[in-house]
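Chemist: just need the structure, nothing else, for what follows:
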Amino acid sequence: MRSIWNGAISFGLVSIPIKVVNATESHAVSFRQVHTEDNGRIRYRKVCELEDREVDQAEIGKAYEAPDGEMIPITEDDLSHLPLPTARTIDIVAFVPADRIDPLQMDTAYYLAAAGASAAKPYTLLREALKRSNKVAVAKFALRGRERLGMLRVVGDVIVMHGLLWPDEVRAPEGVAPDVDVTVRDKELDLADALMDTLGEVDLDDLHDEYREALEEVIAAKAAGEAPPEAPAAETGGKVLDLMAALEKSVREARESRGAGEPGESEEEAEVRTLPRGRSTPKETGGKKSTASAAAKKAPAKKTAAARKSTSKSAEPSGKRGATKSTAKKAATGKKTTAKKTASRKRPA
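Modeler: Numbering: from 1, shown residues only. Here you go, the predicted model:
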């Protein structure tokens, strides 16, 4: 790996020559700007405003624009002579517990490699001291034209430095939290805990960028002259959901996906539904009502009203003729009902 910065770690009176290497890389798919009519590349050209001509990289330098518009040239030699001890040094200023560092401050990560055999001993000393103390080092360093804050920690046998934002660069979260009073019930918290426990942990190495993979499939299909894969249908939104039902269903689905579903659980239990707007409706499902109606129509015409009421509670599918035994008892008028006839036929001789 190519180093991007050479310098030293200042550890008290100990100086450790090091090389800084990028610890991360981007796998994002990049695009070019093109002319939509002929796919010609759109390029940005660097033009000098005074001479009105394009200039190459060797002719381009840095300058600071003063409030009155004057350009003050700043050379690399000027930057190398900054009156700062961190110009070419990662200056450790403190050692603190890792939880003292707010993750919001963490930025780009770098590997710090020992520069030469003479740096191996002090490098290893600092690494082992960090391991034994269970602390991280807070340091200052200068990179790409400005002084930065950093955090040094150990990963395996390597010292890693995370660039940190300065505390005043992290914005306060004012106006971000909900501005309405919400009461969370203990049962809702219990279900949320159950969902967290069911989902469990994950091996981060198993996670991957599905968006990039899908984008690569689209590019491959277009390159082969094929139609790109169709996107899945978008889920309909905008509904107000019953939070408890959504939590219960989430827990059940998580258990089923891990083969830990509870026996006897009904698939219709804890179904997500929209909250009622007006008066609450009976919990009886439409399927039960239609079954009861069908059974009532097939019953003999001479059945009493009482028989029809009891039939609605224990009606059987249309494949069976007649009502249940309790219905037959209430509707008995001396004549045998269809249910009894059916029962007599099924008795063994």
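
Chemist: which residue ranges of the stretch 151-300 of the chain form helices?
Modeler: Taking DSSP state H, counting those that start in this stretch as the test, the helices found in the stretch 151-300 of the chain are 186-199, 210-223, 243-257, 286-298.

Chemist: who wins for proximity to residue 66 among those helices?
Modeler: Closest approach to residue 66 among the helices of the stretch 151-300 of the chain (CB to CB): helix 210-223, 43.9 Å. (Glycine included, C-beta is placed from N, CA and C.)

Chemist: output the closest one as PDB, nothing but the C-alphas.
Modeler: Only the C-alpha atoms of helix 210-223 are listed here, as PDB (Å, rounded to 0.1, in the frame of the first residue of the first chain):
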ATOM      1  CA  GLU A 210     -26.700  -4.800  -2.200                       C
ATOM      2  CA  TYR A 211     -27.300  -1.400  -4.000                       C
ATOM      3  CA  ARG A 212     -23.900  -1.600  -5.700                       C
ATOM      4  CA  GLU A 213     -24.500  -5.300  -6.700                       C
ATOM      5  CA  ALA A 214     -27.900  -4.300  -8.200                       C
ATOM      6  CA  LEU A 215     -26.300  -1.400 -10.000                       C
ATOM      7  CA  GLU A 216     -23.700  -3.700 -11.500                       C
ATOM      8  CA  GLU A 217     -26.400  -6.000 -12.700                       C
ATOM      9  CA  VAL A 218     -28.100  -3.100 -14.500                       C
ATOM     10  CA  ILE A 219     -24.800  -2.000 -16.100                       C
ATOM     11  CA  ALA A 220     -24.000  -5.600 -17.200                       C
ATOM     12  CA  ALA A 221     -27.500  -6.000 -18.800                       C
ATOM     13  CA  LYS A 222     -27.200  -2.700 -20.600                       C
ATOM     14  CA  ALA A 223     -23.700  -3.600 -21.900                       C
END
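
Chemist: mean confidence score for that helix?
Modeler: For helix 210-223, the mean per-residue pLDDT is 86.

Chemist: lowest average confidence across the helices of the stretch 151-300 of the chain, which one?
Modeler: helix 286-298 (a mean of 43).

Chemist: sorry, back to before: deepest of the helices of the stretch 151-300 of the chain, which one?
Modeler: Each of the helices of the stretch 151-300 of the chain was scored by mean neighbour count; the highest is helix 243-257, a mean of 17, by mean count of other CB atoms under 10 Å.
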